[in-house]
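Novice: Okay, predicted coordinates and the sequence, questions at the end:
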Amino acid sequence: MADPETKSNVMEQIVSLCKRCGFVYRASDIYEGLNGFWDYGPLGVLLKNNIRDWWWRNMVECPPIGPDGHPVKIVGLDSSIIQNPKTWIASGHVGGFSDPMVDDRETKHRYRADHLMCGLARVQRKGGAIEELGHFAVLSGDDAVELLVKKADKLARKTGGGEILPPETLTPFTKLTPEQQKLVIGPDVMTPGTLTEPRDFNLMFETYVGALQSEDSKAYLRPETAQGIFLNFKNIVDTTRVKIPFGVAQIGKSFRNEVTPRNFIFRSREFEQMEMEWFCPPDEALKWYEFWKAERMKWWLSMGIKPENLIFREHEAKELAFYSKATVDIEYRYPFTAPEFGELEGIAHRGEYDLTQHAKHSGQKLDYFDQELQLKLKEQGAGDEEIKARSRYVPNVIEPASGLTRAVLVLLCEAYTVDETRASKMFMKFHPKFAPIKCGIFPLVNKDGMPEIAEKLYLDLRTHFTCEYDAKQTIGKRYARMDEIGAPFCITVDGQTKEDGTVTVRERDTMSQQRILLDNVLPYLNEQLSR
Ligand code: ATP
């Protein structure tokens, strides 16, 4: 197991780099922030857009080849963040989209009850006597026992000290009886009994539409992008040439009033999702589930993520929603979960649940008439009754749902590489396709005709890639900054450029330098960046 000290260090380094270089800032920073909200700075927004564009390219513009050897069909959508509130009643979010929450009456802190782990700590006093110190609650994580022992030790010292005997097992707060819960010492207090019983807390942000604020004008910020797709299923079938099986893809903001936003941008209250709903005949759903499971893993690997940092986690039967026949998560080994993994994307077989629910609540027909199947059945000589019954159905849905902002975190964690030999002591090893800045262009010194040549090169290259021109500070410092932001190449114009028309190209990962002709810079970068 990784040393917890090192693990939290890596995350601290990444968070500090993000602020220092302009990847991610605390939202409302000058007002001391707002818990669970983040702003993507000049480099962060470039990185995020690169991931977003790669997903859109591979889902909508150039989707994968299907099991029959033909490309699958997926169309795009950009639906409203606020929809008719009936949407969320039909989808089950109004009734059921909640986390159990516990408040501390003393500190007013709020915790997710299923994230609080509790255990009885005992102390062995100097004379050998063993005493119970109390039932402590700490936030789950693989340093939970360590945290618990530290806290118990603090309490023990006040009463004469001794050696702490850690609990053999930790139990989630939600699994304790109400009587046991009353004995627990909360994570930020030293006395038992300050925690409330767990209460369900709906994660949807509420707002009001129009001038009057009443129950009738209440609406919600969407907690997922998926429902906008189901609401438009009929529009898309009626107005475009799609035929089942087909998909609808959407990228956009979602909002969840998470009880305990944490781990930087991993769990925030405003985030972006990339979701696709794949509509297919019910008897083909399992085949497509397997197809999308494999395709989605391939996609994450195409971003340069190391295979050992990604796993599938199949949901057990008891974890599945009642309508789901199968769900698998693609998980990543984040620095704060290592050696374990945390969710990055979920691929769910949702059956006909969503369309059936919306049909019921809206009174609209959301089934599908499969003309091709009708013809096929006729050819096979099926009877009229059978043809009628089988060619109209409610499609099943396979849903690959991932977090765009969580993907930004994954690429930041994956790229962060320690290298003590460099001036920057680290570099961001982004796959060139996702690097926010592709190339730095520098005159070695800011005189002797070098800036003019370098600027001309910059004016040309910036029409092809994101580039930065920098003429200040020593060349070593400029290379160090490019390493920190993960620019894969640097081009330096020096004294020799005027003599033989060559420049130096420095490659980020190897730090190797080579001279190439000025005229060859564009084709060279084109080739390197398209790999
Ligand atoms: P979790 O179990 O982490 O709360 P979830 O299973 O509720 O996530 P889904 O509803 O399946 O998540 O959402 C799909 C994806 O959206 C997740 O895999 C994740 O990448 C992203 N996502 C969900 N909640 C958040 C959040 N609060 N902050 C950032 N990304 C999120």
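Specialist: Received it, and whenever you're ready, just let me know what you need.

Novice: who's in contact with the residue in the stretch 51-200 of the chain that the ligand sits nearest to?
Specialist: As assessed by CB to the nearest ligand atom, the ligand sits closest to residue 99 within the stretch 51-200 of the chain, at 8.4 Å. All C-beta atoms are positioned from the backbone trio N, CA, C, and that covers glycine. Neighbouring residues of residue 99 by CB atoms under 8 Å, 6 or more residues apart in numbering: 112-114, 200-201, 203, 258-259.

Novice: and the gap between residue 431 and residue 484?
Specialist: Separation of residue 431 from residue 484 (CB to CB, to the nearest Å): 17 Å.

Novice: Stretch 473-483: which residues count as buried?
Specialist: For stretch 473-483, burial by neighbour count (16 or more other CB atoms under 10 Å) applies to 475, 478-483.

Novice: re earlier: may I ask which helix or strand encompasses the residue of the stretch 51-200 of the chain closest to the ligand?
Specialist: Here residue 99 is covered by strand 98-103, with elements defined by DSSP states H and E.

Novice: just residue 257 next, same as before
Specialist: Judged by DSSP H and E, residue 257 forms part of no helix or strand.

Novice: How about residue 289?
Specialist: Using DSSP H and E, the element containing residue 289 is helix 285-301.

Novice: Spell out whether that helix and the ligand are in contact.
Specialist: No - contact between helix 285-301 and the ligand is absent, the nearest approach being 11.0 Å (criterion: CB under 6 Å from any ligand atom).

Novice: Once you drop chain neighbours, what's closest to residue 529?
Specialist: Computed as CB to CB, 6 or more residues apart in numbering, the closest residue to residue 529 that is not its neighbour in sequence is residue 432, at 4.9 Å.

Novice: Ok, residue 82 next?
Specialist: Residue 82 sits nearest to residue 219 (CB to CB, 6+ apart), 5.2 Å away.

Novice: And for whichever strand or helix holds that neighbour, what's in contact with it?
Specialist: Using DSSP H and E, residue 219 sits within strand 218-220. The contact list for strand 218-220 (CB under 8 Å, 6+ apart) reads 82-85, 88, 93-94, 204-209.

Novice: Please list only the buried members of these.
Specialist: The neighbour-count test (16+ other CB under 10 Å) marks 83, 85, 88, 93-94, 204 as buried among the contacts of strand 218-220.

Novice: And for residue 244, the neighbour number?
Specialist: Residues lying near residue 244 (other CB atoms under 10 Å) number 20.

Novice: what about it, which SS state?
Specialist: coil (DSSP: H, G, I helix; E, B strand; the rest coil).

Novice: And for residue 64, the neighbour number?
Specialist: There are 17 residues near residue 64, going by other CB under 10 Å.

Novice: could I get the buried residues of stretch 473-483 as CSV with secondary structure, distance to the ligand and pLDDT?
Specialist: Formatted as CSV, the buried residues of stretch 473-483 follow (DSSP: H, G, I helix; E, B strand; the rest coil; distance: CB to the nearest ligand atom, whole Å; pLDDT from 0 to 100):
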residue, secondary structure, distance to the ligand, pLDDT
475, helix, 40, 94
478, helix, 35, 96
479, helix, 34, 96
480, helix, 32, 96
481, helix, 29, 96
482, helix, 29, 97
483, helix, 28, 97
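
Novice: For the residue nearest to residue 378 when sequence neighbours are not counted, which residues are in contact?
Specialist: Once flanking residues are discounted, residue 378 sits nearest to residue 387: 6.4 Å by CB to CB, 6+ apart. Contact partners of residue 387, counting by CB under 8 Å, 6+ apart, are 374, 377-378.

Novice: Next, work out how far apart residue 387 and residue 284 are.
Specialist: In this view, residue 387 and residue 284 are 18 Å apart by CB to CB.

Novice: next one: residue 121
Specialist: Taken as CB to CB, the span from residue 121 to residue 284 is 55 Å.

Novice: more neighbours, these two?
Specialist: In this view residue 121 and residue 284 are compared by other CB under 10 Å, and residue 121 has more residues nearby, 22 against 16.

Novice: Which strand or helix spans that one?
Specialist: Here residue 121 is covered by strand 116-124, with elements defined by DSSP H and E.

Novice: who touches stretch 482-490?
Specialist: 17, 20-21, 43, 415, 422-424, 426-430, 432, 435-442, 468, 478-479, 505-509, 525, 528-529.

Novice: before we move on, the earlier item: what about the strand holding residue 99, distance to the chain center?
Specialist: The chain centroid and the centroid of strand 98-103 are separated by 22 Å under CA atoms, centre = their mean, to the nearest Å.

Novice: again with stretch 491-500
Specialist: Offset of stretch 491-500 from its chain centre (CA atoms, centre = their mean): 44 Å.

Novice: Likewise for stretch 226-234?
Specialist: Chain-centre distance of stretch 226-234: 22 Å, with CA atoms, centre = their mean.

Novice: Give me the subset of the contacts of residue 99 that lies in strands.
Specialist: 112, 200-201 (DSSP state E).

Novice: most neighbours, which of those residues?
Specialist: Neighbour-wise, the ones in strands among the contacts of residue 99 (other CB under 10 Å) top out at residue 112, 21 neighbours.

Novice: in terms of contact, does that one touch residue 101 like I think?
Specialist: Yes - here residue 112 reaches residue 101: they are 6.3 Å apart, a contact under CB atoms under 8 Å.

Novice: Identify the contacts common to the two.
Specialist: The contact sets of residue 112 and residue 101 overlap at residue 259 (CB under 8 Å, 6+ apart).

Novice: For the ligand, what's its nearest residue on the stretch 301-450 of the chain.
Specialist: Using CB to the nearest ligand atom, the closest approach of the stretch 301-450 of the chain to the ligand is made by residue 403 at 2.5 Å.

Novice: Can you give me the neighbour number for that residue?
Specialist: 23.

Novice: Just list the residues touching it, thanks.
Specialist: 271-274, 344-345 are the contacts of residue 403 under CB under 8 Å, 6+ apart.

Novice: ok, now residue 161?
Specialist: 125-126.

Novice: re earlier: filter the contacts of stretch 482-490 down to the buried ones.
Specialist: With neighbours counted by 16+ other CB under 10 Å, the contacts of stretch 482-490 contain buried members at 17, 21, 43, 415, 422, 424, 426-430, 432, 435-442, 468, 478-479, 505-506, 508, 525, 529.
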